[in-house]
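>>> Okay, sequence plus prediction incoming.
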Amino acid sequence: MTATNPDAYNNDVTFIQNSTGLLYPNYNGNSAYAGNLTITSPVAVTFGANTGTATFSGTGGQKHQCNWWHTHSCLYQAGDK
């Protein structure tokens, strides 16, 4: 998930985390999301945790939905576009 080379997600994307381990999409690179993004996780998921970014590149409105198992906020880091 973008450890070094960029990824392109051309449709809707769902990240499902079933444990408390760390999940860092876009860790070191830029990934483009053209569809909607849904996250289901018991812990926070950090986009661009190191030097990466997330670019939401859809041609229309895009939905970003977070389904936390516990109380967390759905936050977008500085650098997310």
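The structure has been received and is ready for your questions. Residues are numbered from 1 along each chain as shown.

>>> Tell me the neighbouring strands of the helix or strand bottoming out on mean pLDDT in the chain, and mark each as parallel or antiparallel.
Sorting the helices and strands of the chain by mean pLDDT, DSSP states H and E puts strand 64-68 at the bottom, at a mean of 74. Next to strand 64-68 in the sheet, as set by DSSP bridges, lie strand 37-41 (parallel).

>>> Report the buried residues of the strand it pairs with.
Residues of strand 37-41 classed as buried: Leu37, Ile39, Ser41 (neighbour count, 16 or more other Cβ atoms under 10 Å). Where C-beta positions appear, they are placed from N, C-alpha and C, glycine not excepted.

>>> so how far is it from its chain's centroid?
On the basis of Cα atoms, centre = their mean, to the nearest Å, strand 37-41 sits 8 Å off its chain's mean C-alpha point.

>>> Quick check: which ranges of this structure have low pLDDT?
68-81 (pLDDT under 70).

>>> quick one, strands of it?
Assigned by DSSP state E, the strands in the chain fall at 8-9, 13-16, 30-33, 37-41, 53-56, 64-68.
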